[in-house]
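Asks: Pasting the sequence and the predicted coordinates here, then a few questions.
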Amino acid sequence: MSADDSPDCKEPVAMQLPEPGPPVVPAPTSPPSLSYNPPESSDLEALLSSVLRDAYRTQTGPADWRCQDITSEPGRTQVLTRLARDLGRTVPGSQLHEMRRGEDVERFYSIPVRDKNRLEEMAVKELPANIKINWDYE
């Protein structure tokens, strides 16, 4: 091959990169609220009865759903997933083994949860003049 037959090759050109600036740090987001206020007892019972009946295709009476065994799959997953969606609270993995019957699920969803400790609650309250909380301690 002669020099005249060679393809027209050019020298590679170095790409110009912009000057590095300060690192971009995403703004912190506040964690989702973990507080949970259970619905009225009768509303919770009606929801649980309906969800268990749908998942296990049984015609349980108003009291029988509490005895419904929920250890079998896929009914257990269906029940807990639907309740998490409808009530806005999921059963933590550390407590899944405790969910054996309808009454266990009812007990779990009947307990209110606060996501603040006592000091944080006091910070938002109007305190008496003789009580002062120093938040900038080290």
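Replies: That came in fine, so what should we check first? For clarity, every value in this text was computed on a predicted model and none was experimentally measured. Numbers count the residues shown, from 1 in each chain.
Asks: Counting by contacts, list what the longest helix belonging to the chain packs against.
Replies: What stands out as the longest helix in the chain, according to DSSP state H, is helix 41-56. Applying 3 or more Cβ pairs under 8 Å, 6 or more residues apart in numbering; DSSP states H and E, one finds that helix 41-56 contacts helix 75-87, helix 102-110. Every residue, glycine included, has its C-beta placed from N, CA and C.
Asks: and of those, who's closest to residue 45?
Replies: Set against residue 45 and scored by Cβ to Cβ, the helices and strands packed on helix 41-56 come closest in helix 102-110, at 7.2 Å.
Asks: What does residue 126 show for phi and psi?
Replies: Main-chain torsions, residue 126, degrees, to the nearest 10: phi -80, psi 110.
Asks: State the number of residues packed around it.
Replies: 5 (other Cβ atoms under 10 Å).
Asks: Check it and give its pLDDT.
Replies: Reading off the confidence values, residue 126 has pLDDT 76.
Asks: Low-confidence ranges, this structure, go.
Replies: Low-confidence segments of the chain, defined by pLDDT under 70: 1-9, 12-15, 17, 23-33, 58-63, 121-124, 135-138.
Asks: how about the residue lying closest to residue 37 once chain neighbours are set aside, what does it touch?
Replies: Leaving aside its sequence neighbours, residue 37 sits nearest to residue 112 (Cβ to Cβ, 6 or more residues apart in numbering; 5.4 Å). For residue 112, the contacting residues are 35, 36, 37, 38, by Cβ atoms under 8 Å, 6 or more residues apart in numbering.
Asks: redo that, cut-off 7 Å
Replies: When contacts are counted by Cβ atoms under 7 Å, 6 or more residues apart in numbering, residue 112 touches 36, 37, 38.
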